[in-house]
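pasting the sequence and the predicted coordinates here, then a few questions.
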Amino acid sequence: MQPGPDDPYNQQQPPGYEPPGSYQQPGSYPPPGYESPPGSYPPPGYEPPPGSYQQPGSYPPPGSYPPAGRAVNNTLGLVSLILGIISIPLACCGWGGIIFGLGGAILGYLGRKRAAQGLATNRGQAQAGLICGAIGFVLGLLILILAISYRNFDWTTYYNSR
């Protein structure tokens, strides 16, 4: 019996296909015309041509690092984040939240400006310090106002008026 065109075992192989177990010369893989899917690893023993190691998107975009010769100073962003985080629990003490929150917000603003100029690389940290400092400042101010108004409220007048 002859294999016909509808026989599933009588299919032609794609170009560059070699049956399993066939010997390949070193450096001959992949076959000509073969392109691996993006993001896949090359097969063992494959050596890319010289100068082709850089892939698009593998390096940070220009401007994300400070120019050569300038020192990176991330101190303002770090200190603003620390002061901003400390100001939130110290807001219950009144003055602690106000003082630390104000310091965190100011240093966070200055740290963001320094990151925009390219002198620092921690813009997100400075932004978080600015936000936490503002929250701590507002909470401290609110608790201080509530404490002063609570002290000035005359409870005896309220209960004796009935």
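Received it, and whenever you're ready, just let me know what you need.

rest of the way, CA atoms for contacts and neighbours
OK.

longest helix anywhere in the chain?
Counting residues, the longest helix found in the chain (DSSP state H) is helix 123-152.

quick one: buried residues of that helix?
Across helix 123-152, burial judged by 16 or more other Cα atoms under 10 Å covers 123, 125-144.

can you pull out the low-pLDDT segments for this protein?
Along the chain, the parts satisfying pLDDT under 70 run over 1-39, 42-71, 94, 153-162.

can you show me the helices along it?
75-87, 95-116, 123-152, 155-160.

adding distance to residue 41, write those helices out as TSV.
Putting those into TSV (distance: least, Cα to Cα, whole Å) gives the following:
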stretch	distance to residue 41
helix 75-87	39
helix 95-116	36
helix 123-152	33
helix 155-160	76
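
residue 40 is nearest to which of the ones you listed?
Residue 40 sits nearest to helix 123-152 of all the helices of the chain, at 32.3 Å, using Cα to Cα.

what's near enough to touch residue 112?
By Cα atoms under 8 Å, 6 or more residues apart in numbering, the residues touching residue 112 are 77, 123, 126, 127.

nearest spatial neighbour of residue 136, chain-adjacent residues omitted?
residue 88 (4.3 Å; Cα to Cα, 6 or more residues apart in numbering).

count of neighbours near the one you found?
The local packing of residue 88 (other Cα atoms under 10 Å) involves 24 other residues.

distance check, it against residue 141.
Residue 88 sits at a distance of 11 Å from residue 141 (criterion: Cα to Cα, to the nearest Å).

I'd say residue 139 and residue 95 touch.
No - counting by Cα atoms under 8 Å, residue 139 does not reach residue 95; the two are 10.3 Å apart.

for residue 121, which non-adjacent residue is closest in space?
residue 115 (5.8 Å).

hang on, isn't that neighbour packed against residue 123?
Yes - between residue 115 and residue 123 there is a contact under Cα under 8 Å: 5.4 Å.
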